[in-house]
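K.L.:
next one to model:
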Amino acid sequence: MAGTTGEILLRRRDLDTLAWAAEQYAARTDQLSVLLGCGPRTVQRLLARLRQARLVDVRRVLAGEPSWVIPTARGLRACGSSFGAWRPRLGLLSHVAAVNDVRLHIQARSPDSEWVCERVLARERESQREHLPDAIVLTDERRVAIEVELTVKSRRRLTTILDELTGRYDAVLYFCAPASRRVLSELSQTGRWPTLGVRELPVSRPGFDGGLVSRFSRSFGGRVLPCFSQRRVLRSLVVDGPRALRVDARC
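P.N.:
Numbers count the residues shown, from 1 in each chain. Predicted coordinates:
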């Protein structure tokens, strides 16, 4: 079902894409190509509609890199999001881009799983001292904490984080840049955290297979189920002990 903003006729996919970007803070245009399973021209037409309706801000932040698509406050309201408008910071863009790539990677390989974004986790946490993973993947009634590590943390800091996350979730899955992957692989080999998985960072590549948005729209009866509309499931799922998770095996 299409929506309208003023005189602009929007498609259902436009709003689904807007909701996805809102959950992730923002998204690059090449990542939207992967999400939609289409080429740059189709993405540009979609963005033209959203820009004309003043639902997104499209910015080229770094020379030689794709533009960023940032939902405006008007856009957030249009797609039903209760998040606040995000102001991009140069130091965070690489991390946001990497988390987006990981989400695209997981959703392509585990389409029945649910991604709970960091923005929801921040709203749900009971204490400011609680460490927030970058996301949680819900699969087979299990909770997998997702961490994206681009820089090398001290072993002491990583040990503290791993102790906390493995105590709260059924598994922890790290996607790492090469230097941080070496450190985390060494920690994983100690056997202290049997549910810890360490993977290379995936790289999103545009495709033309119909896209993840259309795939998930079919899964949820014709629409994408954004994470901000999910029930409060993070603390209510029954944990029945650690064991190998399907999402861990596939990623």
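
K.L.:
Ala179 touches Leu150, doesn't it?
P.N.:
No: between Ala179 and Leu150 there is no contact under CB atoms under 8 Å: 9.1 Å. Where you see a C-beta, it was placed from the backbone N, CA and C, and this is true even at glycine.

K.L.:
who has more neighbours out of these two?
P.N.:
Shown here are Ala179 and Leu150; by other CB atoms under 10 Å, Leu150 has more neighbours (15 against 12).

K.L.:
ends of stretch 105-121, how far apart?
P.N.:
End-to-end distance of stretch 105-121: 20 Å, with CA to CA, to the nearest Å as the criterion.

K.L.:
now it: how far from the chain's centre is it?
P.N.:
Computed by CA atoms, centre = their mean, to the nearest Å, the chain-centroid distance of stretch 105-121 equals 6 Å.

K.L.:
then stretch 108-123?
P.N.:
The chain centre lies 6 Å from the centre of stretch 108-123; the measure is CA atoms, centre = their mean.

K.L.:
which other helices and strands does the longest strand along the chain contact?
P.N.:
Scanning the chain for the longest strand, with DSSP state E as the assignment, gives strand 142-149. Contacts defined by 3 or more CB pairs under 8 Å, 6 or more residues apart in numbering; DSSP states H and E place strand 142-149 against helix 90-109, strand 135-139, helix 155-168, strand 171-176, helix 178-188.

K.L.:
what does the pLDDT read for Gln128?
P.N.:
Per-residue pLDDT puts Gln128 at 86.

K.L.:
neighbours of it, how many?
P.N.:
7.

K.L.:
my hunch is that it is in a strand, does that hold up?
P.N.:
No: under DSSP: H, G, I helix; E, B strand; the rest coil, Gln128 sits outside any strand and is assigned coil.

K.L.:
quick revisit: so can I have a markdown table of the helices and strands packed on strand 142-149 showing mean pLDDT and distance to Gln24?
P.N.:
Shown next, in a markdown table, are the helices and strands packed on strand 142-149 (pLDDT from 0 to 100; distance: least, CB to CB, whole Å):
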| stretch | mean pLDDT | distance to Gln24 |
| --- | --- | --- |
| helix 90-109 | 96 | 5 |
| strand 135-139 | 96 | 9 |
| helix 155-168 | 97 | 21 |
| strand 171-176 | 98 | 15 |
| helix 178-188 | 97 | 21 |
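
K.L.:
among these, which comes closest to Asp30?
P.N.:
Comparison of those against Asp30 by CB to CB identifies helix 90-109 as nearest, at 9.4 Å.
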